[in-house]
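1. Predicted structure and sequence below. I'll ask about it afterward.
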Amino acid sequence: MMTTQPPRPKHDTPEPGGNMDHSTVSHLLGVATGPPVRPADALAMRIEGEDGQAWAIRALANPPIEGFDNKDLLKPPVNLDILRQLHRQGKRMFHDANANDDQHAGLLWYLTAIAIAMADHDEELSSQPRQEVINAVLVFADAMPNPWRARLEQIDG
Amino acid sequence: MAKTGHRKEAFPATQMTWINERLDAGDQGRREVATHLMDVYAEPLRIYLLGSSFRNAGEPEELINGFFANRLSRDDYLEGWRASDKRLRRWLINGLIFYIKEEFRRRKKTGTAISDEMEADLQDPADQYRAFDQAWAASIVRRAMSEAAEVCKKEGLEAHWDIFVRHHVQQQAYAICCKEHGVDAARAAVMARTASSRFREAVRSQVALDGADETTIDEELAGLRSLLQ
């Protein structure tokens, strides 16, 4: 986006109420245009919404693998086979979901498994480009409470 | 990172509902709407007046204050807007022009009429809408930035907001503005994206308050951007 706009003058102080030239106003209106399109954005918005963090904690307390204790995810390194199962089951939840929250929960597990596999084993469970995957994880990690946020951000370590 | 329910309070989910509820709530609600109108529209109206053939009709601030005082004291003025299907800013410009012309007639009756030459020059050329819309766009962006900054502060996202402003207003690369916050460029981009979502919501709320519905907001924003090119 920054390359599609003409250069804007630099200002010394970031004053939200200060005068802005037309180019800056246009750029900022562009930032506000269009819906967030990626599923990770939608997941982040769900977590940022009312009671969203409590919802995310509840979703993580209900793993798609029977008998699995989610606290184990906070103790690296996590078994890679387990992470592969979580990744697979999360993907299935996402695609089979009838309700938005079920879809978000599937994506939560899917991305969590990917993040921890990359952080603990440098293993890429997704076939998507590495940086895209990292960015998607960071987007929703930013909305999560700790210790989950810090754990997920290890993907970028 | 403390997350709270402040966003809902700051940015009502349905802006037309917000404005309609206040108009229906009696005097206090109407005052809240009036305050909003003066905050957001006074400066664009002043710029419109200065660029139009009305620039010699009087002090812009006096005319605009008189216009708001006159029209907003009428119970039916904003009801007329609700029934009109017009954007609020168009309704207000038209109202301002009518108000000024009424003032001229009043002055004629009281013997303080403006000159015939000036009156003949009084028009409302459509191209002056452009100056108004440009000023209005800047006004809603400034207001949205103030609101989003406040929301970010309440949510403990000051660093996110700072990176957003440095990147999107000051044009600093993430690789530069991340350093002050001890994060890398990728993390800075994500933080700016989080602040962007607050800003985005605030801008869209402002456009919705002007009378756009959710399906036309992107079109409105694109139209405003084209005026600013």
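-> That came through, no problem.
2. Of all residues in chain A, which one is nearest the centre?
-> For chain A, the residue sitting closest to the mean C-alpha position, by CA atoms, centre = their mean, is residue A:140 at 2.3 Å.
3. How about the contacts made by that one?
-> Residue A:140 sits next to A:40, A:43-44, A:47, A:107-108, A:111, A:152 when contact means CB atoms under 8 Å, 6 or more residues apart in numbering or on different chains. (Glycine included, C-beta is placed from N, CA and C.)
4. run the last query once more with 10 Å
-> Counting by CB atoms under 10 Å, 6 or more residues apart in numbering or on different chains, residue A:140 touches A:38-48, A:56, A:104, A:107-108, A:111-112, A:115, A:149, A:152, B:190.
5. got it, and residue B:192?
-> A:31, B:160-168, B:174, B:177-178, B:199.
6. Give the helix, strand or coil label for residue A:19.
-> Under DSSP: H, G, I helix; E, B strand; the rest coil, the three-state class of residue A:19 is coil.
7. buried ones in whichever strand or helix holds the residue nearest to the centre of chain A?
-> Secondary structure from DSSP states H and E places residue A:140 in helix A:130-141. Using 16 or more other CB atoms under 10 Å in any protein chain shown as the test for burial, helix A:130-141 gives A:133-141.
8. I'd like the residues you listed laid out as TSV, including pLDDT.
-> TSV is the format used below for the buried residues of helix A:130-141 (pLDDT from 0 to 100):
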residue	pLDDT
A:133	87
A:134	87
A:135	81
A:136	87
A:137	91
A:138	88
A:139	85
A:140	89
A:141	91
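9. nearest to residue B:183, of these?
-> Taking CB to CB as the measure, residue B:183 lies nearest residue A:138 of the buried residues of helix A:130-141, at 10.5 Å.
10. Run a quick check on residue B:199 versus residue A:30, I expect a contact.
-> No. Judged on CB atoms under 10 Å, residue B:199 makes no contact with residue A:30 at a distance of 11.4 Å.
11. hey, what's in contact with both of those two?
-> With CB under 10 Å, 6+ apart, residue B:199 and residue A:30 have common neighbours residue B:168.
12. Who has more neighbours out of these two?
-> residue B:199 (26 against 16; other CB atoms under 10 Å in any protein chain shown).
13. Contact partners for that one?
-> A:16, A:28, A:31-32, B:141, B:144-145, B:147-149, B:151-152, B:161, B:164-165, B:168, B:192.
14. residue farthest from the centroid of chain A?
-> residue A:19 (34.3 Å).
15. where's that residue relative to chain B, distance?
-> Distance of residue A:19 to chain B, computed by CB to the nearest CB, to the nearest Å: 8 Å.
16. what sits against the closest residue to that residue other than its chain neighbours?
-> Nearest residue to residue A:19, sequence neighbours excluded (CB to CB, 6 or more residues apart in numbering or on different chains): residue B:138, at 8.0 Å. By CB under 10 Å, 6+ apart, the contact set of residue B:138 is A:19-22, A:24-26, A:28-29, B:43-44, B:47, B:224, B:228.
17. Now do the same for residue B:138: helix, strand or coil?
-> helix.
18. Please report the distance of it from residue A:110.
-> Noted for residue B:138: a distance of 42 Å to residue A:110, by CB to CB, to the nearest Å.
19. And for residue B:222?
-> If you go by CB to CB, the gap between residue B:222 and residue A:110 works out to 34 Å.
20. Same drill for those two, tell me which one is more crowded.
-> Remark: of residue B:222 and residue A:110, residue A:110 carries more neighbours, 26 against 13, as counted by other CB under 10 Å.
21. Spit out the contact partners of that one.
-> A:39, A:43, A:64, A:86-95, A:125-126, A:136.
22. what do you get for residue A:123?
-> By CB under 10 Å, 6+ apart, the neighbours of residue A:123 are A:80, A:83-84, A:114, A:116-117.
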